[in-house]
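Peer 1: Requesting a structural model of the entry that follows:
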Amino acid sequence: MFLRRTDLLESDAFHNQHFSHRVGWLRAAVLGANDGIVSTASLIIGVAAAGAGRSEILLAGCAGLMAGAMSMAAGEYVSVSSQADSERADLELEKRHLDRDIDYERKELAQIYVARGLEDDLALQVAEQLMRHDALAAHAHDELGIIERTAARPLQAALSSAVAFTIGAILPLITLLVFPEGNTEIFVALLSLLSLAGLGVVSAKIGGARVLPSVLRVSFWGSAAMIATAALGIGFEVLFL
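Peer 2: Prediction:
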């Protein structure tokens, strides 16, 4: 009839589980893996549709893996570094505001809590106590929306994206090597779509989102990319080969 303490602790852990702290590396990893599968599979399919041999297709796929992994890492690092720079600039500006007029900043913070539903006196008390503990952290969290668990981490994003891209790109290459020559496009397309569906399931589970929309999203855009490159390869073969 009564819950044991361990049951309560397990229940609390389940109900208090959140996913926003994973947003930095999860976004980069999902983007990298998705791009690795889609771009490499599409590249293989496009070259194969143009009538190239296995060695040419494999070379194109490996070159795509290397270039894509480096591009993803560089792109993530640059973009997330820009976000980190903006966050640091905002914190420096807020620090100067606190040094110049801390009373005004206290009232400004209190107004934020009033807008969220607190009464004026209570909002001012909360602002005073939080600023007494760490004024900059209070303003960073509630005024600027900069939270430690979701702060920009360029290196983490770059590594996550590059590693995920490489893993994703390896899957179509393995398919190319394992399955017999002649129906390369079909085998690569089918197994890549299965991989994309699996990626959609995993990313939804890790991120706490619904599975079906995630699977449909990645599968649709992956299919569109592969169909487009296949058409390009066929057209190239007809016109130039």
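
Peer 1: so how far is L216 from R100?
Peer 2: 52 Å (C-beta to C-beta, to the nearest Å). Yep, even glycine has a C-beta here, placed from its N, CA and C like the rest.

Peer 1: So which of these two has more stuff around it?
Peer 2: Set R100 next to L216 and count neighbours by other C-beta atoms under 10 Å: L216 wins out with 12 against 9.

Peer 1: Next, the contact list for the nearest residue to T166 once chain neighbours are set aside, please.
Peer 2: Among residues not flanking T166 along the chain, A69 sits closest, at 4.9 Å (C-beta to C-beta, 6 or more residues apart in numbering). Shown in contact with A69 (C-beta atoms under 8 Å, 6 or more residues apart in numbering): 36, 162, 165-166, 169.

Peer 1: which of those lies closest to A63?
Peer 2: The nearest member of the contacts of A69 to A63, counting by C-beta to C-beta, is A169 at 10.6 Å.

Peer 1: hang on, isn't that closest one packed against S39?
Peer 2: Yes - using C-beta atoms under 8 Å, A169 makes contact with S39 at a distance of 7.4 Å.

Peer 1: what is in contact with the two at once?
Peer 2: With C-beta under 8 Å, 6+ apart as the test, A169 and S39 both reach 64, 68.

Peer 1: Name the residue in those two with the higher neighbour count.
Peer 2: Between A169 and S39, counting by other C-beta under 10 Å, A169 is the more crowded of the two (28 against 24).

Peer 1: Figure out the helix or strand that that one lives in.
Peer 2: helix 154-178 (DSSP states H and E).

Peer 1: could you give the mean pLDDT of the helix or strand in which Q129 is found?
Peer 2: Using DSSP H and E, the element containing Q129 is helix 120-142. In this model, helix 120-142 carries a mean pLDDT of 91.
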